[in-house]
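Novice: Sequence first, predicted model second:
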Amino acid sequence: MDRERLGRFFLLARRGLAFAVLAAVTWLSLADGGGLRAEMGSPWLWEIVRALGVSADKAAHGVMYFGLCGTLWMALPGRVGGLSSPWWAFAAAVAWGALMECGQSAVTALGWANRSFDFNDMAANACGALAAALVCAALMAAWAVVARRRGRP
């Protein structure tokens, strides 16, 4: 397989992963969460989160949107419209989080689930996405330094 075809294959795989994460975040945001919370229990990770004084719900929001922003970044080219792609991924993840919070009111009004709009959830979504965008921007900067050292523009 030549290099160009391999690159297209990996881009398609990254975009598929981003779509799968987007679908999972959407389902977790809009489905009835009562049974989901009962299944979470309290594994060691949630005990650490509680020790830090963060609720498990807000930590879960942060982790979901960290993953969403990271996979969206991987699905985008390096720069989009002159702006580095981590910031586009961040903007998309924050916008999706706001849309999901509004969607929770809609699914409750339709009787499909018992969810509610919460600004604190939106803040947790944004914090997770911001953490991912910062990590992605740092990775891009590190890769640029390595490329410069190797003599590539």
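Specialist: Cool, the structure landed.
Novice: Ramachandran angles for the nearest residue in space to Pro77 that is not next to it in sequence?
Specialist: With sequence-adjacent residues excluded and distances taken as C-beta to C-beta, 6 or more residues apart in numbering, Pro77 is closest to Ser85, at 6.5 Å. Heads up, the C-betas are built off the backbone N, CA and C, glycines and all. Phi and psi for Ser85, reported as degrees, to the nearest 10, are phi -60, psi -20.
Novice: how much space is there between Ser85 and Ala137?
Specialist: As judged by C-beta to C-beta, to the nearest Å, Ser85 and Ala137 stand 9 Å apart.
Novice: And the longest helix along the chain, what's buried?
Specialist: Assignment by DSSP state H gives helix 119-149 as the longest helix of the chain. Residues of helix 119-149 classed as buried: 121-122, 124-133, 136-137, 140 (neighbour count, 16 or more other C-beta atoms under 10 Å).
Novice: nearest to Arg148, of those?
Specialist: Met140 (12.7 Å; C-beta to C-beta).
Novice: correct me, but Gly128 touches Met64?
Specialist: Yes. At 6.7 Å, Gly128 and Met64 qualify as touching, with contact defined as C-beta atoms under 8 Å.
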